[in-house]
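Engineer: Here is my input; please provide its structure:
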Amino acid sequence: GHCRQGILRALLAAPLENIDTFSGLQRRLEFDLRFRYQCGLRLDRPAPSISTLSRVFAGLTHKGLAQRLFEDLVAQCQEAGIIDG
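Structural biologist: Here you go, the predicted model:
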């Protein structure tokens, strides 16, 4: 399977990159190798499918982890001065 941490990074980065659908995220991961690499996904394998992204996201939201992880990431970025607002 795909690296769960890489998929998680991609899911967290999606809103920051104005990607609002799983199909948009999958296309970005498929064609933007730098983005895929920065998310921690392997370049010698195909990008995760839409269904894989959806399943991982469903698991995270079911446990309430997605919201907490995103809020923590935003807080860290604000503290580091990367983003404001």
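Engineer: what about the longest helix along the chain, distance to the chain center?
Structural biologist: Assignment by DSSP state H gives helix 65-79 as the longest helix of the chain. Offset of helix 65-79 from its chain centre (Cα atoms, centre = their mean, to the nearest Å): 13 Å.
Engineer: Packing partners of that helix?
Structural biologist: Packing contacts for helix 65-79, counted by 3 or more Cβ pairs under 8 Å, 6 or more residues apart in numbering; DSSP states H and E, involve helix 4-16, helix 50-62. C-beta here means a position set from N, CA and C on the backbone, and glycine is covered the same way.
Engineer: In which helix or strand does Phe35 reside?
Structural biologist: For Phe35, the host element (DSSP states H and E) is helix 33-39.
Engineer: Tell me the buried residues in that helix?
Structural biologist: Residues of helix 33-39 classed as buried: Phe35, Arg36, Cys39 (neighbour count, 16 or more other Cβ atoms under 10 Å).
Engineer: Over to the residue nearest to Thr52 when sequence neighbours are not counted. Which of the three states is it?
Structural biologist: The shortest distance from Thr52 to any non-neighbouring residue, by Cβ to Cβ, 6 or more residues apart in numbering, is to His2 (6.2 Å). Here His2 is recorded as coil under DSSP: H, G, I helix; E, B strand; the rest coil.
Engineer: What is the burial count for His2?
Structural biologist: Using other Cβ atoms under 10 Å, His2 has 19 other residues around it.
Engineer: Run the angle between the longest helix of the chain and helix 4-16 for me.
Structural biologist: For helix 65-79 against helix 4-16, the angle by axes from the mean of the first three to the mean of the last three Cα atoms, to 10 degrees is 70 degrees.
Engineer: pLDDT averaged over helix 65-79 - what is it?
Structural biologist: For helix 65-79, mean pLDDT is 85.
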